[in-house]
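Visitor: Below: sequence and its predicted model.
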Amino acid sequence: MTETQRIANKLLKCFKRDNKILIFGNGGSAQQANHFAAELIHEGLAAISLTSDMSVITATANDFSYKEIFARQIAALGKEGDIVIGLSTSGKSENILYAYKWAKKLGLEVIDFPRRGPTPRCQEFQLRQLHKIWEYICEQ
């Protein structure tokens with residue numbers, strides 16, 4: 001079984017438990033998070049992109065810190081059994097790592113999405129993997 005299939009199976013189990021996916025990233029990865037959440041929602045599956053509400057993001061960054069923009073949303077929206085997916089090309093983004101910490105503390109499963117190659121290649125790789133996961137889920 002491939003890494004992509006393992007992730008897809010985790011997501012399928014999550015949906016079967018009536019849980020949801022919380023997905024997020026910075027920059028281009030933020031748009032990929034929006035895109036993937038839209039694909040899942042289109043199929044009737046519960047997914048939320050934490051990058052799509054600019055009011056929440058800017059208010060949190062202003063009132064607390066940019067580090068907390070995803071963690072605070074996870075604390076408000078997440079419940080035990082949900083899955084958190086962070087998209088990052090470096091794996092070092094402070095706000096993503098902080099979100100993982102909060103997700104684990106709240107009993108959510110964390111998927112640190114795989115990375116391959118330099119930034120542009122990594123984003124292409126992640127987009128291909130997201131599409132493969134979506135296709136796998138749709139076939140089940």
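Guide: Right, received. Where do you want to start?

Visitor: quick check, residue 89 in a helix?
Guide: No - under DSSP: H, G, I helix; E, B strand; the rest coil, residue 89 falls outside any helix and is assigned coil.

Visitor: Residue 123 is in contact with that one, correct?
Guide: Yes - if you go by C-beta atoms under 8 Å, residue 89 and residue 123 touch, sitting 6.1 Å apart. Yep, even glycine has a C-beta here, placed from its N, CA and C like the rest.

Visitor: Now the common contact residues for these two.
Guide: 28, 29 (C-beta atoms under 8 Å, 6 or more residues apart in numbering).

Visitor: Tell me which of these two has more neighbours.
Guide: Higher neighbour count among residue 89 and residue 123: residue 89, with 23 against 20, using other C-beta atoms under 10 Å.

Visitor: What pLDDT does the model give the more buried one?
Guide: With respect to pLDDT, residue 89 has a value of 91.

Visitor: do residue 76 as well
Guide: 98.

Visitor: What count of nearby residues applies to it?
Guide: Residue 76 has 8 nearby residues by other C-beta under 10 Å.

Visitor: what separates the closest residue in space to residue 117 that isn't next to it in sequence from residue 62, distance-wise?
Guide: Excluding the flanking residues, the one nearest residue 117 by C-beta to C-beta, 6 or more residues apart in numbering is residue 125, at 6.3 Å. Using C-beta to C-beta, to the nearest Å, residue 125 is found at 34 Å from residue 62.

Visitor: of those two, who's got more company?
Guide: More crowded of residue 125 and residue 62, by other C-beta under 10 Å: residue 125, with 16 against 9.

Visitor: which element follows the helix or strand hosting residue 62 toward the C-terminus?
Guide: Secondary structure assignment for residue 62, by DSSP states H and E: helix 54-63. Downstream of helix 54-63, the next assigned helix or strand under DSSP H and E is helix 71-77.
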